[in-house]
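> 3D, please:
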Amino acid sequence: MGRINRALKNILTGPDNALDIRNLKYLPRWAVFLIDIGLVSISTLITIFILLDLSPFQYTLLSFFEKAIIIIATNIVFFYLFKTYAGIIRYSSNIDALKLLLATCSAFLSLLIINYLSYFIVGEKIFLIGGLLINLWISFSLLFLFRLGVKQVYEYFKIVQKNESLIKAVILGVDENAISIAGALETEHPKRFKIVGFLTQDSHKRLRILGKPVLRHTQKIHKEVSSMGADAIIFSENIFTPEEKFKLVEECLEHDIAVYNAPLVSSWDDNQPIANKVKTLQIEDLLDREPIQLEVQNKIDQLTGKTILVTGAAGSIGSEIVRQVAEYNPKKLIILDQAETPLHNLQLQIEAKFTDLNFKVIVCDVGNQKRLELMFQNQSIDVVYHAAAYKHVPLMESNPHEAIFVNIHGTKNLADLAVKYQVGHFVMVSTDKAVNPSNVMGASKRAAEMYVQSLYHDQIRLDQSNTKFITTRFGNVLGSNGSVVPLFKKQIEAGGPVTITHPDIIRYFMTIPEACQLVLEAGAMGKGGEIFVFDMGEPVKIMDLAIKMIKLAGYQPNKNIKVRITGLRPGEKLYEELLNDECKTLPTHHKKIMIGQDVVRDYEMINEKILKIIKSATKLKNDKVVAKLKDLIPEFKSNNSLYEKLDKLPELKKND
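Okay, the predicted model is just below:
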């Protein structure tokens, strides 16, 4: 008992051992729901006593207990419909009071309808009309007073914070969500923000909300923020396009105004302080674009009730493909990767989220042809999503034989088995680094593209077009393993420096869900032999990206966090391309997805050269491996790499 008392004391008292009710956690929604039901039950009981005292006449069709059950059940229905229990009691507002009024009035009207239905059907009413009105008044009063009481008690115990440095912030928006955020942040303990006003796109004259001024923001938002004496802005609305949001944030950062993002109030959980939910804006929020609207029915036809294989399933792209495919209720989902721990973690996630999914996890290297063949023999696979690859440019430049074993040999193994076992669709995940490659990684992916394309057209030539080979090609993926954004985040958290290889380097970016949507869409719309290219918008200068990330974190570039230029890494380009000079494009049904028509080379020639490359790789002779790769891909010109010398060799020498 003493232990319980000590725990309760720790919860209710602050650091100075004084009673502090603010340390109580929020009531969970189910508890508020039960309390509301209890209050309605009390109001019903009070109503019965009042009626018995006021009038001897009562309808006898149902007993008092049965009448009470109907009243309480009707109120429960409308509590649920109006979500009266969803708010945080200590932050109750006029909107919460309106919800209570609508819920209780709706319950009253429903009971009135039930009453008259009973009269027309059986000739006798159930309730006295006066009794229903009394019950409406008492139940609303109890529910309202409960919320008001909790709020006032909390305010009574609220102690003004001492010696605290509050962030003076402006809320961008005046909708219900913005007002709820402002109210919550003002009453939160310990406080982090002091809300000084609101900004809105609408025109409001002399309007005040929660005692704070509301200004209309113009093209110069930093002036409005400064005029209120604020040094931060909190986004609370989702009405801005990514482009508009980017411009607003860019302007704020240029004038040293901190930018924060607040989630929807409806998505808040009950265990985390409100102020902790308002976080600094992430660079992903700015680089994200409008969501792509894609066909759904064609992916249902492609995936539902089918056996699907995803290779490289534990990677950032592969795991998202797995999650998206799982939504389409496949007959069986085979998840394959050679990375044991990430694969185990993915297995736990899938088991938790997709409880009815029939899936199989296989630890296997795509270079292991015998193991792959055993899998294809035992599983009737309909679709392959091939995402397994080595992708880090500097590592593959130092270990070209490994790029050959996985990116080329692994792809050849899977493609050959797909044809042998008559897989319907084979969708390969490629990269923009395969276009005019300047490094071994990009060249290995280009070789894989060439092989699957030539294999598809060889099937057509032999009138054996059973497997449709499709390639998807896109740029850098935000948040993927090894991408620049997570690296910059770690460097900023560590206090810098942020390292950039070249001040002029640019890259295209897309999100992981976007990339995987493209892969699924390509698999569904592809007829075979295509390379699908995604319109990735405008390229991003990596230096600008780093500067914005430092500012978003609340630091000054080259003052608090240094930016260091390290020089281009082996094989790295200043910019990437999605199409080479020989490639033509065709439109598709979606304006952001194009088909790149590359020159298709003879399968026998491609196959022979790839076999030589693989054989050379087994001898671990790097120069010979890269030389043979350059012979297969004439446009492969090494950049900032020790293999640049091979570009000066005569063609005959490369083939040795």
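> can you give me the neighbour number for Leu629?
Using other C-beta atoms under 10 Å, Leu629 is surrounded by 28 other residues. The C-beta positions use only the backbone N, C-alpha and C, and glycine is treated the same way.
> wait, doesn't it sit right on Ala447?
Yes - with contact defined as C-beta atoms under 8 Å, Leu629 and Ala447 form a contacting pair (6.6 Å).
> where does pLDDT dip in the stretch 451-600 of the chain?
Along the stretch 451-600 of the chain, the model assigns pLDDT under 70 to residues 465, 477-483, 535-537, 571-573, 575-592, 597.
> 90 instead, please
Along the stretch 451-600 of the chain, segments meeting pLDDT under 90 span 457-467, 472-600.
> between Leu629 and Ala447, which contacts overlap?
Shared contacts of Leu629 and Ala447 (C-beta atoms under 8 Å, 6 or more residues apart in numbering): Ile613.
> how about the strands in the stretch 451-600 of the chain?
468-474, 476-478, 498-500, 506-507, 509-511, 531-534, 540-541, 563-565, 584-587, 593-597 (DSSP state E, counting those that start in this stretch).
> do the same with the stretch 301-450 of the chain
Along the stretch 301-450 of the chain, counting by DSSP E, counting those that start in this stretch, strands occupy 307-311, 332-337, 359-363, 383-386, 425-431.
> quick check: closest non-adjacent residue to Lys212.
Distance criterion C-beta to C-beta, 6 or more residues apart in numbering; nearest residue to Lys212, sequence neighbours excluded, is Gly197 at 4.7 Å.
> pretty sure the one you found sits in a helix.
No - using DSSP: H, G, I helix; E, B strand; the rest coil, the secondary structure at Gly197 is strand, not a helix.
> so how many other residues sit close to the nearest residue to Asn358 once chain neighbours are set aside?
In this structure, Asn358 finds its nearest non-sequential neighbour in Lys332, 4.9 Å apart by C-beta to C-beta, 6+ apart. By other C-beta under 10 Å, 17 other residues sit near Lys332.
> show me what contacts Lys332?
The contact partners of Lys332, taken as C-beta under 8 Å, 6+ apart, are Thr307, Ile308, Asn358, Phe359, Lys360, Gln379.
> return the residues in contact with the last one.
What it means is Gln379. Thr307, Leu309, Lys332, Ile334, Lys360.
> buried subset of these?
Buried residues within these, counting neighbours by 16 or more other C-beta atoms under 10 Å: Thr307, Leu309, Lys332, Ile334.
> want to try JSON lines for those, with pLDDT as columns?
As requested, the buried ones among the contacts of Gln379 are exported to JSON lines (pLDDT from 0 to 100):
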{"residue": "Thr307", "pLDDT": "95"}
{"residue": "Leu309", "pLDDT": "96"}
{"residue": "Lys332", "pLDDT": "95"}
{"residue": "Ile334", "pLDDT": "95"}
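> quick one: neighbours of the closest residue to Asn622 other than its chain neighbours, just the number.
Spatial nearest neighbour of Asn622, excluding adjacent residues (C-beta to C-beta, 6+ apart): Pro400 at 5.3 Å. The local packing of Pro400 (other C-beta under 10 Å) involves 26 other residues.
> return the member of the contacts of Lys332 nearest to Gly554.
Ranked by distance to Gly554 (C-beta to C-beta), the contacts of Lys332 are led by Phe359 at 42.8 Å.
> identify the bridge partners of the closest one.
With DSSP bridges applied, Phe359 shows beta-bridge pairing to Leu333.
> for it, what are its contacts?
Phe359 makes contact with Ala326, Lys332, Leu333, Ile334, Ile335, Ile350 under the criterion C-beta under 8 Å, 6+ apart.
> tabulate those (a markdown table), appending distance to Val383.
Converted to a markdown table, the contacts of Phe359 look like this (distance: C-beta to C-beta, whole Å):
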| residue | distance to Val383 |
| --- | --- |
| Ala326 | 13 |
| Lys332 | 11 |
| Leu333 | 10 |
| Ile334 | 10 |
| Ile335 | 13 |
| Ile350 | 18 |
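> now render the strands of the stretch 451-600 of the chain as JSON lines, adding mean neighbour count and distance to Ile547.
Shown next, in JSON lines, are the strands of the stretch 451-600 of the chain (neighbours: other C-beta atoms under 10 Å; distance: least, C-beta to C-beta, whole Å):
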{"stretch": "strand 468-474", "mean neighbour count": "25", "distance to Ile547": "25"}
{"stretch": "strand 476-478", "mean neighbour count": "23", "distance to Ile547": "17"}
{"stretch": "strand 498-500", "mean neighbour count": "21", "distance to Ile547": "9"}
{"stretch": "strand 506-507", "mean neighbour count": "18", "distance to Ile547": "14"}
{"stretch": "strand 509-511", "mean neighbour count": "22", "distance to Ile547": "16"}
{"stretch": "strand 531-534", "mean neighbour count": "25", "distance to Ile547": "27"}
{"stretch": "strand 540-541", "mean neighbour count": "18", "distance to Ile547": "9"}
{"stretch": "strand 563-565", "mean neighbour count": "14", "distance to Ile547": "7"}
{"stretch": "strand 584-587", "mean neighbour count": "10", "distance to Ile547": "34"}
{"stretch": "strand 593-597", "mean neighbour count": "19", "distance to Ile547": "32"}
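> of all those, which one comes closest to Lys645?
Evaluated over the strands of the stretch 451-600 of the chain, closeness to Lys645 peaks at strand 563-565, with 25.9 Å, by C-beta to C-beta.
> and which of the contacts of Phe359 is nearest to Trp30?
Trp30 has its nearest neighbour among the contacts of Phe359 in Ile350, at 28.4 Å by C-beta to C-beta.
> quick check: the closest one vs Ser141, distance?
Between Ile350 and Ser141 the distance is 50 Å, computed by C-beta to C-beta, to the nearest Å.
> all helices for the stretch 201-350 of the chain, in order.
Assigned by DSSP state H, counting those that start in this stretch, the stretch 201-350 of the chain shows helices spanning 221-227, 242-254, 274-277, 283-287, 297-303, 316-326, 340-353.
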